[in-house]
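Enquirer: Pasted the sequence and its predicted model underneath.
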Amino acid sequence: MATENKNLSNYDKATIPNAKNFRFGIVVSEWNDTITEGLYNGAVDALKDCGASDERITRWNVPGSYELIYGCKKMQSNNVDVVIAIGSVIQGETKHFDFVCDGVTQGIKDLNVLSDIPVIFCVLTDNNMQQSIDRSGGKHGNKGTEAAISAIKMAQLRKDCRGHGISIGY
C-alpha cells in the first residue's frame with residue numbers, strides 16, 4: 001500500500017502560498033456523509049491554517065459523487081479561484097462502483113480542461129468502509145487536507161499564469 005505508515009497530510013506551511021486572498025469553493029457529496037464530512041473538515045482546517053477565512057470558503061452539497069460534476073461546474077461560476085470536489089465511493093457487489101468512479105473522474109478532468117478555474121479531485125474510491133475511514137482522518141491522514149493544499153497551490157498557479165498573460169482555459 002502506497003501510503004502505509006506515511007501520512008501525506010503533513011505539510012510544511014512555509015512552502016505553501018498564503019491562502020488569505022483566494023476564494024475557495026467546496027462541493028461535498030452527501031453520500032457516505034461520515035466520510036465526506038471528515039474530508040471536508042480536513043480541507044477547511046488546512047485552508048484556515050494557511051490563511052483562508054470562513055468568508056472566503058463556500059460550501060455546496062450535492063446528493064452523491066456523480067453529482068459533483070454538475071455542482072463543481074456551477075461552483076466555477078461562483079466567483080471562486082479554485083474548487084474542491086469531495087466525495088466517497090465504496091465498492092459494492094455490482095459494477096456501479098466502476099461506472100460512478102470513471103464518470104466522476106472523467107467529468108472532473110473535463111472541467112479542468114474546459115475552464116480556467118481548477119477543480120481538485122478529492123473523491124475516495126475505496127474497496128471498503130475501513131479504507132475510507134483510514135483516509136478521511138484515520139491512519140493514512142486526511143485526503144481533504146491534501147486536497148486543500150493542492151487547491152492553494154493551484155490557485156496560486158492560476159494567479160501566476162494570469163499575471164503573465166498565460167491562458168489556461170478555453
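Expert: Structure's in. What do you need? Numbering: from 1, shown residues only.
Enquirer: residue boundaries of the strands in the protein?
Expert: When assigned using DSSP state E, the strands of the chain occupy the ranges 24-29, 57-62, 82-90, 119-126, 136-138, 141-142.
Enquirer: Now for this protein, the helix or strand with the poorest mean pLDDT.
Expert: strand 136-138 (a mean of 91; mean pLDDT, DSSP states H and E).
Enquirer: Residues contacting that strand, please?
Expert: Defining contact as C-beta atoms under 8 Å, 6 or more residues apart in numbering, one finds that strand 136-138 is touched by 35-36, 38-39, 41-42, 88, 124, 142-144. C-beta coordinates here come from the backbone N, C-alpha and C atoms, glycine included.
Enquirer: Looking at the residues you listed, which are in helices?
Expert: Judged by DSSP state H, helices contain the following of these: 35-36, 38-39, 41-42, 143-144.
Enquirer: if we can go back for a sec, looking at the strands of the chain, which is closest to C161?
Expert: strand 82-90 (12.9 Å; C-beta to C-beta).
Enquirer: what's that closest one packed up against?
Expert: strand 24-29, helix 33-49, helix 68-75, helix 96-114, strand 119-126, helix 129-135, helix 143-163 (3 or more C-beta pairs under 8 Å, 6 or more residues apart in numbering; DSSP states H and E).
Enquirer: tilt between the fourth one and helix 68-75?
Expert: Angle between the axes of helix 96-114 and helix 68-75 is 20 degrees (criterion: axes from the mean of the first three to the mean of the last three C-alpha atoms, to 10 degrees).
Enquirer: The longest one now?
Expert: Orientation of helix 143-163 against helix 68-75 (the same axes, to 10 degrees) gives an angle of 40 degrees.
Enquirer: Same check on the fifth one?
Expert: What separates the directions of strand 119-126 and helix 68-75 is an angle of 160 degrees, with the same axes, to 10 degrees.
Enquirer: hmm, who's touching strand 119-126?
Expert: Contacts for strand 119-126 (C-beta under 8 Å, 6+ apart): 29, 35, 39, 43, 65, 68, 72, 76, 82-91, 97, 101, 104-105, 108, 111-112, 131-132, 135-136, 143-144, 146-147, 150-151, 154.
Enquirer: okay, the angle between it and helix 33-49?
Expert: Going by the same axes, to 10 degrees, strand 119-126 makes 140 degrees with helix 33-49.
Enquirer: Run me through the strand neighbours of strand 119-126, direction for each.
Expert: Using DSSP bridges, strand 119-126 pairs in its sheet with strand 82-90 (parallel).
Enquirer: can you give me how far the partner strand is from the chain middle?
Expert: On the basis of C-alpha atoms, centre = their mean, to the nearest Å, the separation between the geometric centre of strand 82-90 and that of its chain is 5 Å.
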